[in-house]
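Undergrad: I would like to see how this sequence folds:
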Amino acid sequence: MSETYLGYRPGDGDTAWGKYFNPEMADLPRHAVSALEHGPQADQVMLGFDSAGTILDEGYQQTENGYGALRGGGFHVAIRTDMPGVTPAMWDWWFGWHGSESSRYKLWHPRAHASAHWGDSGPDGSYVGRTSIIEEYLGSSYAKAAIQFLEPSAMGLDASRLGDDVAVCARLGSSEVPVDTGWFVHHVRATPGGAEMRSRFWMGGPHTGVRRGNRLTDSVIRPLAAHQLPEARDLLVHCSQEMNHLARILPEIYAEFADA
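TA: Now for the predicted structure:
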């Protein structure tokens, strides 16, 4: 593998998409700041993993923006991103397009993303059923992660209810050892004038296990894996930053490269 580093170096911007790299990021939206000011929330007001499929219901859930520890162990993060001028289809395309080049991945979060490549082969533009190998900062912690993209049904989402919505679902884990540490879903639905992404993460505790392991090995690895988890607050900030940043340029990127 080539050297990994943050940002663009001389020559990185010579790609067709390099002109979209912008290290200046917007401030966090007010609703994200309010969630941080509120601090950790009670587990009873957060979405349980077994109820992940209810994210497809109309309206909003009790906690659209917030984080906190879960009673059964681990933590939950929820954050909404408002995206004027963006469509759900743009995000579906993005997840298949960005993973083959680190210079594309860095467009998404220029202050935290270091590298990305596919860990397996697959059709161009696809992501479901594939694993993205990434390196990035979450807060000040450096992570080397494997993101296994799944069919929505693997997380209890009824695909027949999606319509034109997009639900990007994945199992999160380490790229260095065969340990999974959590799950996420990014549900993107149309709104007047654009779209909104509603992101949910379940990390640690019962959501951690040895990849293709068993209950015994899972119980052994969970205390060790807990030390490798990001801080819930850092994950909320990172997700809000990257989704807001890319949403501002995604319509232009999509228009130029989606049919290329």
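
Undergrad: contacts, neighbours, all on C-alpha from now
TA: OK.

Undergrad: most residues in a single helix of the protein, which one?
TA: helix 232-257 (DSSP state H).

Undergrad: gap between it and the chain center?
TA: 10 Å (Cα atoms, centre = their mean, to the nearest Å).

Undergrad: What helices and strands are in contact with it?
TA: The helices and strands touching helix 232-257, judged by 3 or more Cα pairs under 8 Å, 6 or more residues apart in numbering; DSSP states H and E, are helix 30-38, strand 66-69, strand 75-84, helix 88-97, helix 102-108, strand 131-138.

Undergrad: Just the buried positions in stretch 105-123, please.
TA: For stretch 105-123, a neighbour-count test (16 or more other Cα atoms under 10 Å) marks 105-119 as buried.

Undergrad: Spatially, and excluding backbone neighbours, which residue is closest to residue 137.
TA: Leaving aside its sequence neighbours, residue 137 sits nearest to residue 112 (Cα to Cα, 6 or more residues apart in numbering; 4.9 Å).

Undergrad: Distance-wise, check the one you found relative to residue 187.
TA: To residue 187, residue 112 is 23 Å away according to Cα to Cα, to the nearest Å.

Undergrad: next one: residue 248
TA: Going from residue 248 to residue 187 by Cα to Cα gives 18 Å.

Undergrad: Output the helices and strands packed on helix 232-257 in CSV, with distance to residue 146 and mean pLDDT appended to each entry.
TA: Shown next, in CSV, are those (distance: least, Cα to Cα, whole Å; pLDDT from 0 to 100):
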stretch, distance to residue 146, mean pLDDT
helix 30-38, 26, 98
strand 66-69, 23, 97
strand 75-84, 19, 98
helix 88-97, 14, 97
helix 102-108, 14, 97
strand 131-138, 5, 97
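
Undergrad: TSV for those, including distance to residue 8?
TA: Listed next are these as TSV, based on distance: least, Cα to Cα, whole Å:
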stretch	distance to residue 8
helix 30-38	28
strand 66-69	32
strand 75-84	25
helix 88-97	19
helix 102-108	8
strand 131-138	14
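
Undergrad: quick revisit: what about residue 248 and residue 187, which has more around it?
TA: More crowded of residue 248 and residue 187, by other Cα atoms under 10 Å: residue 187, with 22 against 15.

Undergrad: And the more buried one, how close does it get to residue 243?
TA: Residue 187 sits 12 Å away from residue 243, going by Cα to Cα.

Undergrad: Chain neighbours aside, what residue packs nearest to residue 241?
TA: Nearest residue to residue 241, sequence neighbours excluded (Cα to Cα, 6+ apart): residue 28, at 6.4 Å.

Undergrad: That neighbour: how many residues sit nearby?
TA: Residue 28 sits with 15 neighbouring residues when counted by other Cα under 10 Å.

Undergrad: and residue 184, what does it touch?
TA: 169, 170, 171, 172, 199, 200, 201, 202 (Cα atoms under 8 Å, 6 or more residues apart in numbering).

Undergrad: backbone phi and psi for it, please?
TA: With angles defined as degrees, to the nearest 10, residue 184 sits at phi -150, psi 160.

Undergrad: from the buried residues of stretch 105-123, which single one is nearest residue 12?
TA: Proximity of the buried residues of stretch 105-123 to residue 12 (Cα to Cα) peaks at residue 106, which lies at 10.4 Å.

Undergrad: can you pull the contacts of the residue lying closest to that closest one once chain neighbours are set aside?
TA: Computed as Cα to Cα, 6+ apart, the closest residue to residue 106 that is not its neighbour in sequence is residue 113, at 5.2 Å. Contact analysis of residue 113 by Cα under 8 Å, 6+ apart lists 6, 7, 105, 106, 135, 136, 137.

Undergrad: what's the answer for residue 83, then?
TA: With Cα under 8 Å, 6+ apart, residue 83 has these contacts: 194, 195, 196, 197, 244, 247, 248.

Undergrad: picking up where we left off before, the longest helix of the chain: which residues count as buried?
TA: Residues of helix 232-257 classed as buried by neighbour count (16+ other Cα under 10 Å): 232-247, 249-251, 254.

Undergrad: what about residue 81, neighbour count?
TA: By other Cα under 10 Å, the residues close to residue 81 number 24.
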